[in-house]
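In: coordinates only, sequence not included:
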């Protein structure tokens with residue numbers, strides 16, 4: 001709808017007067033909601049004297065006109081500023097009656113319509129309500145207070161850890177490390193892979209504060225140098241290691257062994273009363289005593 005052409009308007013209702021010479025609109029007093037206007041409704045036509053689509057002139061009140069214009073400008077602009085929200089604001093709580101586009105500026109930090117907002121943020125109605133059926137989802141929010149905001153990458157890997165990019169504290173990036181690969185103090189380290197090599201010698205003991213790879217390298221060197229002895233059981237028989245508190249009592253025969261022809265008990269052969277001589281290789285052997293004939297042959 002639109003106002004009637006001033007050229008064709010000869011009379012107005014209520015307090016509006018039209019100066020046809022200057023086409024100026026003058027008020028004889030303050031307008032009230034009951035004051036009236038003449039309008040032409042372009043959508044409402046009729047045929048008069050054979051002329052089709054003749055627009056009708058209608059009488060509307062000032063209240064009706066305000067409602068129409070309010071809806072027109074709301075639709076055109078999308079947002080209608082209604083005031084402030086918060087302590088000492090236009091409203092101190094989210095209203096229950098609102099039209100689409102009603103906008104409030106937050107002046108008190110807090111949770112408004114289910115959202116945590118800061119001073120300067122905007123709350124905008126996207127659903128109209130008349131006091132019932134109100135939902136947090138009736139509102140959308142615009143963050144205008146961005147102090148401390150952090151910028152991130154265009155994309156990242158799901159569940160990867162975040163790390164700072166640079167020294168400003170305002171930029172973050174994907175660390176490339178999956179959260180599942182992080183071992184916490186009470187975590188399960190059964191699948192942790194450790195790389196290490198044997199230490200140069202086995203004379204260095206473990207030291208508090210050294211890396212796991214260094215400690216394991218020392219242990220590997222100890223076992224390598226000990227060889228099979230590292231795995232001997234404690235006992236009192238051959239192939240075992242005697243315990244430090246083991247007390248041996250009784251007679252223990254040495255293990256059977258020989259040094260050349262000398263046995264572990266010091267014997268050379270099994271015949272008594274024989275002399276000991278050496279053979280051509282210098283090895284001790286049991287000899288034989290000379291006979292009478294041998295002695296006679298030596299007599300000159």
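Out: Good, I have the coordinates. Being a predicted model, the structure only gives us computed values, none of them experimental. Numbers count the residues shown, from 1 in each chain.

In: all helices for the chain, in order.
Out: For the chain, applying DSSP state H gives helices covering 62-77, 212-226, 292-298.

In: rank the ones you listed by pLDDT, which is bottom?
Out: Mean pLDDT across the helices of the chain is lowest at helix 292-298; the value there is a mean of 57.

In: quick one, what contacts residue 153?
Out: 172, 173, 174 (CB atoms under 8 Å, 6 or more residues apart in numbering). Every residue, glycine included, has its C-beta placed from N, CA and C.

In: ok, now how distant is residue 88 from residue 191?
Out: Taking CB to CB, to the nearest Å as the measure, residue 88 falls 59 Å from residue 191.

In: isn't residue 156 right up against residue 174?
Out: Yes - using CB atoms under 8 Å, residue 156 is in contact with residue 174, at 4.2 Å.

In: now do the shared contacts for the two.
Out: Residues touching both residue 156 and residue 174 (CB under 8 Å, 6+ apart): residue 162.

In: and residue 129, how many neighbours?
Out: 17 (other CB atoms under 10 Å).

In: that one bridge partners, please.
Out: Residue 129 has these beta-bridge partners by DSSP bridges: residue 98.

In: for it, give me its contacts.
Out: Counted by CB under 8 Å, 6+ apart, residue 129 has contacts 96, 97, 98, 138.

In: which of those count as buried?
Out: Among the contacts of residue 129, those buried by neighbour count (16 or more other CB atoms under 10 Å) are 98, 138.

In: which non-adjacent residue is nearest residue 135?
Out: Excluding the flanking residues, the one nearest residue 135 by CB to CB, 6 or more residues apart in numbering is residue 127, at 7.5 Å.

In: my guess is the one you found contacts residue 137. True?
Out: Yes - in this structure, residue 127 is within contact of residue 137 by CB under 8 Å, at 7.5 Å.

In: who has more neighbours, these two?
Out: Counted by other CB under 10 Å, residue 127 and residue 137 do not tie: residue 127 has more neighbours, with 14 against 10.

In: who are the contact partners of the more buried one?
Out: For residue 127, the residues meeting the contact criterion (CB under 8 Å, 6+ apart) are 100, 135, 137, 138.

In: the third one and residue 154, how far apart?
Out: In this case it means residue 137. In terms of CB to CB, residue 137 sits 29 Å off from residue 154.

In: what's the answer for residue 144, then?
Out: 23 Å.

In: residue 173 contacts residue 166, correct?
Out: No - applying CB under 8 Å as the test, residue 173 and residue 166 come out as separate, 9.1 Å apart.

In: tell me which of those two has more neighbours.
Out: More crowded of residue 173 and residue 166, by other CB under 10 Å: residue 173, with 15 against 9.

In: contacts only, for the more buried one.
Out: 152, 153, 156, 162, 163, 164, 165.

In: what about residue 33, how many neighbours?
Out: Residue 33 has 11 nearby residues by other CB under 10 Å.

In: ok, how many other residues are close to the nearest residue to residue 171 once chain neighbours are set aside?
Out: Setting aside the residues directly before and after it, residue 171 is nearest to residue 165 in space (CB to CB, 6+ apart), at 4.3 Å. Neighbour count of residue 165, defined by other CB under 10 Å: 16.

In: what's near enough to touch residue 165?
Out: With CB under 8 Å, 6+ apart, residue 165 has these contacts: 171, 172, 173.

In: dump these to CSV, plus distance to residue 288 and pLDDT.
Out: Compiled in CSV, the contacts of residue 165 are given as follows (distance: CB to CB, whole Å; pLDDT from 0 to 100):
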residue, distance to residue 288, pLDDT
171, 104, 89
172, 101, 92
173, 99, 93
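
In: so, low pLDDT: which residues of the chain?
Out: Within the chain, the stretches with pLDDT under 70 are 1-31, 36-57, 68-77, 147-148, 245-258, 290-300.
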